[in-house]
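1. prediction below, plus the sequence it came from.
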Amino acid sequence: MISHVFVYGTLKRGQCRGKMWPAEPISVVAAWTRGALFGRHDYPAMMPGDDRVLGELWQFDESDMETVMRVLDHIEGTNQEGRPDLYVRAIVEAFDRDGNSIASANAYHYGTDPLLDGFHRIKADVYVQWP
């Protein structure tokens, strides 16, 4: 079971949804994953890609993961009965500053073409600076 979650936007510490996590993490560390980052006035979106998308890697006890993922699916508009997915859950590889693999992690990719929803492509390291 994957016990990590990679986040890059509103679920990070200090952001507007940073206190909505339903369980206490074992750890939260700075990390990056490969992706393509998009921005809009209200929140970012990530898609598969080759840029370094900086964010946070949250680790939870395996016994908390079902609850964590259920709550995050609700927040991200994923797997909600009768509604199309705003985001889709993906498995990504998270890396440390030096490029060493840390863990496989759950993450969320935008469910449709972000350019059609008013997002613009942004260079990932411009949007979020490494701590």
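-> Everything's here; your move. Numbering: from 1, shown residues only.
2. in what element of secondary structure is the closest residue to G111 other than its chain neighbours found?
-> Distances taken as Cβ to Cβ, 6 or more residues apart in numbering place D85 nearest to G111, at 4.1 Å, with adjacent residues excluded. Backbone N, C-alpha and C define where each C-beta goes, glycine included. Following DSSP states H and E, one finds D85 outside all helices and strands.
3. give me the number of residues near D85?
-> By other Cβ atoms under 10 Å, the residues close to D85 number 17.
4. would you map the helices across this structure?
-> Assigned by DSSP state H, the helices in the chain fall at 65-76, 124-127.
5. re earlier: for the residue nearest to G111, what are its contacts?
-> D85 is in contact with G77, T78, N79, G111, counting by Cβ atoms under 8 Å, 6 or more residues apart in numbering.
6. widest-spaced pair of these?
-> N79 and G111 (10.9 Å; Cβ to Cβ).
7. give the residue from those two that has the larger number of neighbours.
-> Between N79 and G111, G111 has the larger neighbour count (other Cβ under 10 Å), namely 17 against 14.
8. quick one: that one from L86, how far?
-> In this view, G111 and L86 are 6 Å apart by Cβ to Cβ, to the nearest Å.
9. next: D61.
-> 28 Å.
10. rewinding a little: list residues touching both of G111 and L86?
-> With Cβ under 8 Å, 6+ apart as the test, G111 and L86 both reach G77, T78.
11. count of residues packed around A31?
-> For A31, the neighbour count with other Cβ under 10 Å is 25.
12. residues contacting the spatially most central residue of the chain?
-> By Cα atoms, centre = their mean, the chain has its centre lying nearest to V7, at 2.9 Å. Neighbouring residues of V7 by Cβ under 8 Å, 6+ apart: G55, E56, W58, A107.
13. just put the residues you listed in CSV and tack on pLDDT, distance to R97 and neighbour count.
-> Formatted as CSV, those follow (pLDDT from 0 to 100; distance: Cβ to Cβ, whole Å; neighbours: other Cβ atoms under 10 Å):
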residue, pLDDT, distance to R97, neighbour count
G55, 93, 13, 27
E56, 95, 13, 22
W58, 98, 17, 25
A107, 98, 18, 26
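14. no further questions, thank you.
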